[in-house]
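[1] After the sequence you'll find the predicted model.
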Amino acid sequence: MEQFRGQPRLPKFAVPKRYDIHLEPDLVACKFAGSVQIDLDIVDATNFIVLNAADLSVAHNAVSFKSQTSSKVFEPSKVEIVEEDEILVLEFSEVLPLEMGVLAIGFEGTLNDKMNGFYRSTFEHNGEKRNMAVTQFEPADARRCFPCWDEPACKATFKITLDVPSDLIALSNMPVIEEKPNGHLKTVSYQESPIMSTYLVAVVIGLFDYVEDHTPDGIKVRVYCQVGKANQGKFALDVAVKTLGLYKEYFACPYSLPKLDMIAIPDFAAGAMENYGLVTYRETALLYDEKHSAAANKQRVATVVAHELAHQWFGNLVTMEWWTHLWLNEGFATWVSYLAADSLFPEWKVWTQFLDESTEGLRLDGLAESHPIEVEINHAGEIDEIFDAISYRKGASVIRMLQSYLGAECFQRSLASYIKKHACSNAKTEDLWAALEEGSGEPVNRLMNSWTKQKGYPVVSVKINNQKLEFEQTQFLSSGSQGDGQWIVPITLCCGSYDTPHNFLLQTKSESLDMKEFLGCCVGGGNDKSIAVCSWIKLNVDQTGFYRVKYDEKLAAGLRSAIEKNYLSATDRFGILDDSFALCMACQQSLTSLLTLMGVYREELDYTVLSNLISISYKVARIAADATPELVDYIKEFFISLFQHSAEKLGWEPRPGEGHLDAMLRGEVLTALAVFGHDLTINEASRRFHAFLDDRNTPLLPPDIRKAAYVAVMQNVTTSNRSGYESLLRVYRETDLSQEKTRILGSLASCPDPNIVLEVLNFVLSSEVRSQDAVFGLAVSREGRETAWSWLKNNWDYISKTWGSGFLITRFVSAIVSPFASFEKASEVQEFFATRTKPSIARTLKQSIERVHINAKWVESIQNEKHLADAVKELAYRKY
């Protein structure tokens, strides 16, 4: 018995081939009963069968194993569930025969409220609160619904039967074959599934409306949602039908099931889950309301649908062998969802917006407490934490880098052969590299190992010395300290124009190139008049590489001038700004030079570039408040003048025929002006908000600017002037649109009054906020961060109990700890959590404390800048 405890993987002496599962949920008592018959191949001599089970009760007399040939029935002598390892150990008094047999187990469980396993979600129908039953099994929670070999490599087929109340709709991965009435219940049975992993099995039981369509090759696609919301499913339905056709062509392989259902669940921890043939979503990621959803909501629905449908091939048809290779699922689905969105909505410029993904990956991977893309997993409790910006965003970014290096056609061809080879089985990272290596003739494995097997990434420093370009790579760390990683870096560069891009692989620590030979040009006044003089050199063209670039002062000045003259692409303007901000945070560049660079973006109108400029300005204003409080007002004045140009161009009213990106930008620019205290913006927002309170359909407050108005209103709320806060709570209570609720939750804590912030945080824990949405309320103003930390300590036991079994708990830690900027606070946080940590938050806690240290160093560095005050005042008062 002891030998099975504390092991990361199940023993291999039995292999499941088929599950026949029967479940009977009781939606009133929130319990379920079930039985499973598993066709097992006993492949090693053993008198034990060990499989996963958790939070289930299994009676001793409800277990038997029947040999297929002799029909002999083996009763276990011992049945034990080891809760800490989530395993069910069956001991038999004799060795089991090496052949196929059927393991039968009866069990009971609870429909929990933790949003994982087999759980309950609540909805209102005709004014009455009712329960629905939903499954969420990824990564390791199928074991909470039925005993199984709950590992991605243990693929089998699944035959599912449900006993449910006769007035409800019951869905599973496969189409229904029959429904038999049985008193007030009905028995619903489904077609047997193709071979698949346990984490993709799904069941949903409740009351729903749906909209339906078919793909040209006859696959029935439906979007299910709460009764009365069917119209809001039409946009996602249209995206799904088109995307299935796109992927069929791209992967050279049709969708492999007869139907695809997508369903909105009112209580759902993640954004969505790619269960084979029955994809579950948060309402905000699937439903789109023409009248009350913003452009950003529309884009979110399209990219999430495209992401989940990519998984039907990458993940479901070909599955990672173990969680170490999770990034193959998530990084890939993220990258390919942009491919689909770009094809369906070219005007959204999603490949420029993809830089937001890269930046989040770079931001997390600049921490010493980051992890490699391929990460060792030794306990089921560790898996949740790697559903992070490394697996998704760095994963997607290195795939984009590789595709850009190998070329789009060769990449697509190799992918199709990878899917063909591994369909219906499992694959490791090396298998993908092997397919790409074979298709391209390039040393993909050697090139990519430096990006997936070690954490971090390089900063490439470039300088001009004697008409030679000198490159040097070092590991970039946000703390400014030196790491020792080294990479094979695909360097691309343009000089003076985009006509002839140059590239080479930087395989050593440093390299120098003769400009005349390599680029055919020189910088500055060379003596040779026959050589072109180029005014700027940009590395990492269009930011396709996952690395940062540090330019010497001469090259940096050339790029500033090129931005002002509008010579550079949006992606390159984004990259220069983002690298400069990261270098400033790492104390490798002064805040003075970062602010000077930001000033060059005064006339910027590209959505993605401006959006990043805005988020950088928030971070700079926060750190300045810690480092140089006496300069904060000047810095805010500078930022207000910086966003004035775009705000005036966009105005408050949507213009006829304007694009999707302008609609998204308007809200972000107005929010920034409100946060920085621009009185005209705050007053106008307040006027429009009051019109909205009188009439929720007023044209004065369209969905794209609602969040800006809500934030603006909260800037003036205080304990003695509460009306704006009370009004927002009223709108929150009256709307049944999840997107509206999350817009409001995301605005409330931006209030500068700490007493109001405390009220907001307590509201977030109340029954009025679904536990899936609490994390949206944690975006606390700088003035409220001390209050938020006390609140977190006081409520930690409750928070830990409510959110402790999923990944949402990590958001509480990072949102409240990361904004601090002193070494003392880091020690205090460490001390508080010393006795309260657990595997599921360990990594996040270390990362958050590291961020506090980084901020504290940054504060010291800013305080030592000699000319900062003069520069800031000059920028604040400069007239344009």
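    Ah, there it is.

[2] Pull the number of nearby residues for the closest residue to residue 41 other than its chain neighbours.
    Nearest residue to residue 41 in three dimensions, chain neighbours excluded: residue 15, at 4.5 Å (Cβ to Cβ, 6 or more residues apart in numbering). All C-beta spots, glycine's among them, are computed from the backbone N, C-alpha and C. Using other Cβ atoms under 10 Å, residue 15 has 16 other residues around it.

[3] ok so residue 15 is a strand residue?
    Yes: Residue 15 sits within a strand when classified using DSSP: H, G, I helix; E, B strand; the rest coil.

[4] What lies in contact with the helix or strand containing residue 668?
    For residue 668, the host element (DSSP states H and E) is helix 660-675. Helix 660-675 has contacts (Cβ atoms under 8 Å, 6 or more residues apart in numbering) with 294-296, 298-299, 345, 347-349, 605, 607, 610-611, 614, 617-618, 639-640, 643, 646-647, 650-652, 654-655, 681-682, 685, 704-709, 711-712, 715, 750.

[5] before we move on, the earlier item: hang on, isn't the residue nearest to residue 41 packed against residue 44?
    No: using Cβ atoms under 8 Å as the test, residue 15 is too far from residue 44 to be in contact (9.8 Å).

[6] If you count contacts, what does the one helix or strand residue 303 maps to end up packed against?
    Element membership of residue 303, judged by DSSP H and E, is helix 295-311. Helices and strands touching helix 295-311, by 3 or more Cβ pairs under 8 Å, 6 or more residues apart in numbering; DSSP states H and E, are helix 234-250, strand 259-265, strand 272-273, strand 278-282, helix 326-344, helix 660-675, helix 703-715.

[7] Figure out which of those is closest to residue 628.
    Of all the helices and strands packed on helix 295-311, helix 660-675 sits nearest to residue 628, with 18.6 Å by Cβ to Cβ.

[8] quick one: average pLDDT of the closest one?
    Summarised as a single mean, pLDDT over helix 660-675 is 97.

[9] Between helix 660-675 and whichever helix or strand comes after that helix, find me the angle.
    Following helix 660-675 in sequence order, the next helix or strand is helix 679-694 (DSSP H and E). Between the axes of helix 679-694 and helix 660-675, defined by axes from the mean of the first three to the mean of the last three Cα atoms, to 10 degrees, the angle is 110 degrees.

[10] for the record, mean pLDDT for helix 679-694?
    98.

[11] Flag every buried residue along stretch 226-238.
    226, 229, 230, 232, 233, 235, 236, 237, 238 (16 or more other Cβ atoms under 10 Å).

[12] cool, stretch 533-552 as well?
    534-551.

[13] Can you show me the CA trace of it as PDB?
    Output of stretch 533-552 as PDB, limited to C-alpha atoms (Å, rounded to 0.1, in the frame of the first residue of the first chain):
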ATOM      1  CA  VAL A 533      23.900  56.700 -44.800                       C
ATOM      2  CA  CYS A 534      21.000  55.300 -42.800                       C
ATOM      3  CA  SER A 535      19.200  57.400 -40.200                       C
ATOM      4  CA  TRP A 536      17.900  54.500 -38.000                       C
ATOM      5  CA  ILE A 537      18.500  50.900 -37.200                       C
ATOM      6  CA  LYS A 538      15.700  48.700 -35.600                       C
ATOM      7  CA  LEU A 539      16.300  45.200 -34.300                       C
ATOM      8  CA  ASN A 540      13.700  42.500 -33.800                       C
ATOM      9  CA  VAL A 541      11.600  43.800 -36.800                       C
ATOM     10  CA  ASP A 542       7.900  43.800 -36.000                       C
ATOM     11  CA  GLN A 543       8.700  42.200 -32.600                       C
ATOM     12  CA  THR A 544       8.500  38.600 -33.800                       C
ATOM     13  CA  GLY A 545      11.300  37.600 -31.500                       C
ATOM     14  CA  PHE A 546      10.800  36.900 -27.800                       C
ATOM     15  CA  TYR A 547      13.600  39.200 -26.500                       C
ATOM     16  CA  ARG A 548      14.300  42.800 -25.600                       C
ATOM     17  CA  VAL A 549      16.800  45.200 -27.300                       C
ATOM     18  CA  LYS A 550      19.000  47.800 -25.600                       C
ATOM     19  CA  TYR A 551      20.300  50.500 -28.000                       C
ATOM     20  CA  ASP A 552      23.300  52.800 -27.400                       C
END
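
[14] now the longest helix seen in the chain: how far from the chain's centre is it?
    The longest helix of the chain (DSSP state H) is helix 839-863. Helix 839-863 has its C-alpha centroid displaced from the chain centroid by 21 Å (Cα atoms, centre = their mean, to the nearest Å).

[15] That helix packs against which elements?
    helix 380-383, helix 570-585, helix 607-627, helix 808-817, helix 823-833.

[16] Residues in contact with the helix or strand following the first one: which ones?
    Put plainly, it is helix 380-383. Next in sequence after helix 380-383, counting helices and strands by DSSP H and E, comes helix 389. Residues from elsewhere that reach helix 389 (Cβ under 8 Å, 6+ apart): 360, 361, 363, 364, 365.

[17] if we go to 6 Å?
    360, 361, 364 (Cβ atoms under 6 Å, 6 or more residues apart in numbering).
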